[in-house]
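J.: Task: produce atomic coordinates for the following.
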Amino acid sequence: MPLCVVGFGTYEGKTIAASAWEDAATEMAVPPARWASWDDLLHRAEVGNSFYLLRPPVAPVFLDERDQRAIGVVYDPQSEEGNYAPTTLAKRYDALIFIDKSSALAPLPLSLRREEEFPETYPSGV
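T.: Down below sits the predicted model:
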């Protein structure tokens with residue numbers, strides 16, 4: 001079965017994440033993306049919410065390397081510098097979903113069978 005890697009990006013909004021591993025997940029504000037990052041570029045292009053297929057043939061712009069913000073289970077909006085990594089979208093993902101202004105989702109309730117079994121997405125998620 002072929003593997004498909006889908007990336008996500010947002011310019012600003014809200015997310016559900018924890019400040020550190022083992023902390024409770026909370027709703028956090030996502031500040032506007034760093035100037036000239038992928039998220040900033042897509043925001044300034046006024047594409048709104050959009051989907052990009054990043055397999056050949058691909059628009060040459062997606063072969064450029066730019067910073068991209070990473071927001072995961074653990075996220076620190078106060079330390080934006082550490083949330084970015086140099087990324088060539090067409091080399092990293094098969095597709096990209098861009099949400100110009102994100103909304104936080106309510107975390108799903110999680111019950112463990114035994115205390116020792118923590119899911120990979122702990123502290124929240126399924």
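J.: and the closest residue in space to Arg92 that isn't next to it in sequence, how far is that from Trp38?
T.: The shortest distance from Arg92 to any non-neighbouring residue, by Cβ to Cβ, 6 or more residues apart in numbering, is to Gly7 (6.4 Å). Every C-beta, even on glycine, is put in place using the N, C-alpha and C of the backbone. Relative to Trp38, Gly7 is positioned 9 Å away (Cβ to Cβ, to the nearest Å).
J.: The two: which is more packed in?
T.: Between Gly7 and Trp38, counting by other Cβ atoms under 10 Å, Trp38 is the more crowded of the two (26 against 18).
J.: residues touching the more buried one, list them.
T.: Contacts for Trp38 (Cβ atoms under 8 Å, 6 or more residues apart in numbering) come out as Gly9, Arg66, Asp67, Gln68, Thr87, Leu89.
J.: In terms of helices and strands, where is the first one?
T.: Yep, that's Gly9 we're talking about. strand 6-17 (DSSP states H and E).
J.: And that strand, how far out from the chain middle?
T.: Taking Cα atoms, centre = their mean, to the nearest Å, one finds the center of strand 6-17 at 5 Å from the center of the full chain.
J.: helices or strands up against the helix or strand just after that strand?
T.: Using DSSP H and E, the next helix or strand after strand 6-17 towards the C-terminus is strand 26-30. Applying 3 or more Cβ pairs under 8 Å, 6 or more residues apart in numbering; DSSP states H and E, we find strand 26-30 packed against strand 6-17.
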